[in-house]
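A.B. asks: A predicted structure for the sequence below; I have some questions about it.
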Amino acid sequence: MSSAAPDAPLDQAAILATLRARVARLEGTGRAPQEARPIPVCDDLPLPGGGLARAAVHEVLAMAPGCGAAFCALLLARTGGTVLWIAGRRDELLAWPPGLARCGLVPANLILVRAERWPDALWAMEEALRCPAVTGAVLALTWEPNPEGDNRLDLTATRRLQLAAEAGGALGLLLRPDTAHPAPTAAVTRWRIGPLPTAQAGAGLDEPRWQLELLRVRGGTPGGPWAVTWRAAEGRLDLEREETASAARASRGASA
Amino acid sequence: MTGQPCLLPAGGPGSRRFLALHLPCLATDRIRRAEPDLPTDQPLATWAASGSRRVLVAVDQAAAAIGLRPGQALADAEAIAPDLVLRPADPDGDAQALQALALWARRYTPLAATDPPDGLLLDITGCAHLLGGEADLLRDALARLQRAGIATRGAVAGAAATSAALARARLDNPVVVSGIEAAVAAPLPLGPALRLPPAMLADLARLGLRRVRDLLDQPRAPLVRRFGPELMDRLDAVTGQRRTAIRPATAPPDLTVARDLLEPIITRASIDAVLDRLLAALCARLRQTGLGARRIVLSAWRVDGVVQEVAIGTGQPTRAPAHLRRLFAERLEQLEPGLGFERMMLEARATEPMAAGTQTGLEIGGRHDAAAMAEALAQLLDRLAQRLRVHRVAPVASHWPERAVAALDPHAPVPAMPAGWATPGLPVLLRRQPEPLEAMALLSDDPPSLLRWCGMAHRLHWAEGPLRLEPEWWRARPDLRRRDYYRVELASGVRLWVCRTGPPEAARWLLHGHLP
């Protein structure tokens, strides 16, 4: 603020925008403002910048495999370009393109990568994020119990991914099962997604409901849980206002 | 591959030049190379069982000097030379060694061929001046093989069979000009020159025919009647009347750059430096010729006569040194320098025309243009495909879940989605192997009401179905059975794609996918 000339009429909004951009650049949560339009998640969620920052790595903790994969697929589809889906070679769960296409991720934009070993998967993710022709990549961690202690996603590894994403401008997603104590990472946001009972709402299983929770966000306040409905036909995530309070209360009651 | 190898004479029949190398003791030399602590003055031989007899197959020079020869009984040989070192014969290993030597000989010419069982044939047309002439080239090859412990004789002539005959029949490693093949072949003995079977050789000797000259003086028709056309074919080849083509060990590359090193190099840093220069030279030549490389092989000649190869492939034709450099970076680990590399060569084995406009790096106002983006993606896929399995997805018009998707080359265009391919209600994740579940249904045709999964019983809130899928009888294995798919929701909200399959009296439940 002190840098602004004292006698000039203070255009507070402009100064704030400039400072925000500078802070964002310092923090590495976004680059090149024209290209880095954030990815909209859901219209009514209070996210800094209005959505998920591109050129950054985000973490999705999934309480069930299906909802996590669908959430990642619809975020990747919204990047609007070539997308890499990186998974382990021997994973029992395979990304299935017909279902992903319902989330908007069409085969023309999808490239599947299978890595034999965990360091290869990390390397592939880093290379993909660094490439300017890729708009998004997801690293899907295995759901099988992992006795070798693989799948190390520590601060160093995620910091590398974050730097790569900043260099290339792609949206990076880390899709991992929701464990009791996930290690801290350098991801810009951390989400938790779980399924909510849907069928009684009337639409059957075609419009699944999820519980979305923003556990951590750089430069913003965490929030949730929110109950959202995925309307596949319209390609839209809807926030359920009346459900929010009760879901939050229920989760707080469960944790207490 | 563009630029088909030209095995026929390019500028008239007399214009080609051939170098033949004869390796008389390849089998035993190979054993001595593998076992360096064998004393060199001790005779060495290989043996094999021939019916119920055990006979010598190959002998080295020391053994030949004391009167041992191939075909001799093993017991006789051991009686003659009690200190004879014996090893079992390994014809497959010998053939492989000969093939490896043909690859090694590609340092002199791209057209290097094996001449089984014990020779090499090199088409050195237009290559000799690089080493100062044919005689110098021959001397260089003999010296290098000698240093590697392989006894060799050689000859250069204007026809492949003539040079092979000269290398076998003469001890002075001659270089003869083209056009006088018949004259130089005439005094050669028949056995080594024509490589005839021993029985035929004995028959000819009984007729007093011992040298090539004797055959040339005879009328041809009676000889053909008695010995078959094979004899005349060989005779014509050796006298240069009939041209024979050679079959190179590898197809000749489209473009080659090579570098001889004064000092053998061992360290990774120096290998990198040489590779950088080779790549720069190769890409410059690719640019001159308007080509892009699809497959590049780096060959490295070790001082002990071993050739190692590292190959890379690209999805799109390319001539960007930095990109190729990165592709090689992964693979250079495979090289084992040992005592050092003395020559490195980079070959573009497959090339494709590449428009001059497809250049990278044009960024106008910070925006990448579409061609640069496509190239960046192609390069990324090349790098990933070096280490991982990368593929695109081709939608297949099939209702059977396992067949709805086919893997596609990552550089290939993706076909359009067929109608009804991505219908609502499909899972986003599919299990590689459907997981057996315990489920309880009230009636045999009902959806389940209770599922046992991951060791816990889950009550179902909701089930939709069945979606009955019949196997594709025109394609599927006969043991596949119809499946009834249900979309179910557990009390926790988890949504699964389960199916019932098997005969009605013993239906099984399987978990096949996860719904959003």
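C.D. replies: Received, thanks.

A.B. asks: determine how far the strand or helix carrying B:Asp136 lies from the middle of the whole chain.
C.D. replies: Secondary structure assignment for B:Asp136, by DSSP states H and E: helix B:134-147. Relative to the centre of its chain, helix B:134-147 is centred 27 Å away, using Cα atoms, centre = their mean, to the nearest Å.

A.B. asks: do stretch B:316-333 as well
C.D. replies: 20 Å.

A.B. asks: what does stretch B:100-111 give?
C.D. replies: Chain-centre distance of stretch B:100-111: 14 Å, with Cα atoms, centre = their mean.

A.B. asks: same deal with stretch B:504-512?
C.D. replies: 48 Å.

A.B. asks: residues touching B:Pro70, list them.
C.D. replies: By Cβ atoms under 8 Å, 6 or more residues apart in numbering or on different chains, the residues touching B:Pro70 are B:55-59. For every residue, glycine as well, the C-beta is placed using N, CA and C.

A.B. asks: same question but for B:Ser163, I mixed them up
C.D. replies: Applying Cβ under 8 Å, 6+ apart, the residues near B:Ser163 are B:18-20, B:121, B:155-157.

A.B. asks: all helices of the stretch 51-200 of chain A, in order?
C.D. replies: Along the stretch 51-200 of chain A, counting by DSSP state H, counting those that start in this stretch, helices occupy A:65-77, A:97-102, A:118-130, A:155-168.

A.B. asks: want to throw those helices into CSV with mean neighbour count, distance to chain B and mean pLDDT?
C.D. replies: Putting those into CSV (neighbours: other Cβ atoms under 10 Å in any protein chain shown; distance: least, Cβ to the nearest Cβ, whole Å; pLDDT from 0 to 100) gives the following:
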stretch, mean neighbour count, distance to chain B, mean pLDDT
helix A:65-77, 27, 3, 92
helix A:97-102, 26, 4, 90
helix A:118-130, 22, 6, 91
helix A:155-168, 19, 9, 90
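
A.B. asks: find the residue at the geometric middle of chain A.
C.D. replies: What sits nearest the mean C-alpha location of chain A, by Cα atoms, centre = their mean, is A:His58, with 4.4 Å.

A.B. asks: look up how far B:Leu142 lies from that residue.
C.D. replies: 67 Å (Cβ to Cβ, to the nearest Å).

A.B. asks: B:Leu120 reaches B:Ala102, doesn't it?
C.D. replies: Yes: if you go by Cβ atoms under 8 Å, B:Leu120 and B:Ala102 touch, sitting 5.8 Å apart.

A.B. asks: what is in contact with these two at once?
C.D. replies: Contacts common to B:Leu120 and B:Ala102, judged by Cβ under 8 Å, 6+ apart, are B:112-114.

A.B. asks: spatially nearest residue to A:Ala108, not counting backbone neighbours?
C.D. replies: Sequence neighbours aside, B:Val414 is the residue nearest to A:Ala108 in space, at 4.6 Å (criterion: Cβ to Cβ, 6 or more residues apart in numbering or on different chains).

A.B. asks: can you count the residues close to the one you found?
C.D. replies: 16 (other Cβ atoms under 10 Å in any protein chain shown).

A.B. asks: who are the contact partners of the residue lying closest to B:Leu490 once chain neighbours are set aside?
C.D. replies: Among residues not flanking B:Leu490 along the chain, B:His458 sits closest, at 4.3 Å (Cβ to Cβ, 6+ apart). Counting by Cβ under 8 Å, 6+ apart, B:His458 makes contact with B:450-452, B:490-492, B:494.

A.B. asks: now those residues: which count as buried?
C.D. replies: Of the members of the contacts of B:His458, the ones counted as buried by neighbours, 16 or more other Cβ atoms under 10 Å in any protein chain shown, are B:451, B:490, B:492, B:494.

A.B. asks: contact partners for the second one?
C.D. replies: What that stands for is B:Leu490. B:Leu490 neighbours (Cβ under 8 Å, 6+ apart): B:451, B:458-461, B:496.

A.B. asks: state the phi and psi torsions of it.
C.D. replies: Here is the backbone geometry of B:Leu490 (degrees, to the nearest 10): phi -80, psi 170.

A.B. asks: for B:Leu450, see how far away the residue nearest to B:Leu490 is.
C.D. replies: Taking Cβ to Cβ, one finds B:His458 at 7 Å from B:Leu450.

A.B. asks: nearest residue to the middle of chain B?
C.D. replies: B:Thr250 (7.8 Å).

A.B. asks: is it true that it touches B:Leu103?
C.D. replies: Yes: B:Thr250 is within contact range of B:Leu103, at 7.1 Å (criterion: Cβ under 8 Å).

A.B. asks: and the closest residue to A:Gly235 other than its chain neighbours, what pLDDT?
C.D. replies: Closest residue to A:Gly235 apart from its sequence neighbours, by Cβ to Cβ, 6+ apart: A:Gly104 at 5.6 Å. With respect to pLDDT, A:Gly104 scores 88.

A.B. asks: can you pull the contacts of A:Asn192?
C.D. replies: One thing to correct before we go on: residue A:192 is Arg, not Asn. A:Arg192 neighbours (Cβ under 8 Å, 6+ apart): A:60-63, A:178, A:212-213, A:215, A:224-225.

A.B. asks: hmm, try it at 7 Å
C.D. replies: Neighbour list for A:Arg192: A:61, A:63, A:178, A:213, A:215 [criterion: Cβ atoms under 7 Å, 6 or more residues apart in numbering or on different chains].

A.B. asks: what's the answer for B:Val414, then?
C.D. replies: Counted by Cβ under 7 Å, 6+ apart, B:Val414 has contacts A:107-108, B:392, B:394, B:408.
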